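Trainee: What would the 3D arrangement of this be:
(3 chains)
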Amino acid sequence: MPELPEVEVTRLSFAHRIEGAVIAHAQMGKPLRWPLGCQSDVLHGQTVNAVRRRGKYLLIDLSAGLLLVHLGMSGSISFAKDLPSPGKHDHFDLLTSRGTLRLNDPRRFGAVVFALSEQDMPAQKLLGHLGIEPLGNDFELAEFCTRLKLKKAAIKQVLLAGEVVVGVGNIYASEALFLAGIRPTTAASSLSRPRMARLHCAIRQVLTQAVAKGGSTLKDFSNADGQAGYFQLEAMVYGRAGLPCKVCASPIKNIRQGQRSTFYCQKCQKC
DNA sequence: CACGGATCCTGATGGC
DNA sequence: TGCCATCAGGATCCGT
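Mentor: Prediction:
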């Protein structure tokens, strides 16, 4: 999936164009991860007020409720006036006065869910446990450290879980840990304060850069205009198993943590 | 109750 | 060419 940067780039690419649009209706394809949770006539006539992001969720504010959109592992969104009729992997179309918002998601781990408000179910169920926004003002070092101290699992898995900080996925977790010089297997709670501070900084840095570059780390990512991601921001460690570290030339290691691959440099990331 | 593992689904890739 | 195994950006649920 798109990690936070790709979701944010997607949001930026269509938010301003869809705001103010009036919804005609929604068309569903194959079932996604969760059901929409409302009848199509609930959406009819509603106005799109804004498009926000929380973690990897897009929140589409409507005049009476909101849509929570998640891209899962393989989802992407397009928004255009004239889209061709839905293809094999187009599973949600929102037809509006300004154009059609379409979710294409081959693996269908993504979802579109309606809720009456952010405090209501099912929004609360999806958003309630989420950690701090890494690019917002609330991402303070003290709070980050306090939360890490409570987690005894490996730091890589703590980052992925999203209960401390949201938006860091499998690629950027490896990248941030490399930048911070931290071994992915180290227990989160055992990190010293200075190392937590380096990680705090690294997370912000890696995500900010990725957003600025257009979410370029993803192979097949494209924003809502259909512009492809272009691998501008090259990974330091992700996907580079066996290749020389760009800093010290020692071969990059690839291990598995919780069924996900992790990449690190054993020399640059000693503990 | 915090953690590890299985799980949802489709497509791409590589070995034989 | 086909067949099979493995892997892929996520996050929930279930058992220990």
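Trainee: I figured A:Ala111 hits A:Leu32, correct?
Mentor: Yes. Counting by CB atoms under 8 Å, A:Ala111 touches A:Leu32, with 4.8 Å between them. (C-beta placed from N, C-alpha, C; glycine too.)
Trainee: Would you mind telling me which of these two has the busier surroundings?
Mentor: A:Ala111 (25 against 22; other CB atoms under 10 Å).
Trainee: tell me which residues form a beta bridge with the more buried one?
Mentor: A:His70 (DSSP bridges).
Trainee: Distance-wise, check it relative to DNA strand B.
Mentor: A:Ala111 sits 11 Å away from DNA strand B, going by CB to the nearest atom of the strand, to the nearest Å.
Trainee: confidence score at that residue?
Mentor: Looking at A:Ala111, its pLDDT stands at 98.
Trainee: what's the neighbour count on the closest residue to DNA strand C within the stretch 51-200 of chain A?
Mentor: The nearest approach of the stretch 51-200 of chain A to DNA strand C comes at A:Gly169, 2.1 Å away (CB to the nearest atom of the strand). Neighbour count of A:Gly169, defined by other CB under 10 Å: 23.
Trainee: which ones are touching the residue lying closest to it once chain neighbours are set aside?
Mentor: Take A:Gly169 and drop its neighbours on the chain: the residue closest to it by CB to CB, 6 or more residues apart in numbering is A:Glu3, 3.3 Å away. By CB atoms under 8 Å, 6 or more residues apart in numbering, the residues touching A:Glu3 are A:56, A:167-172, A:210, A:217.
Trainee: so which of those residues comes closest to DNA strand B?
Mentor: A:Asn170 (11.9 Å).
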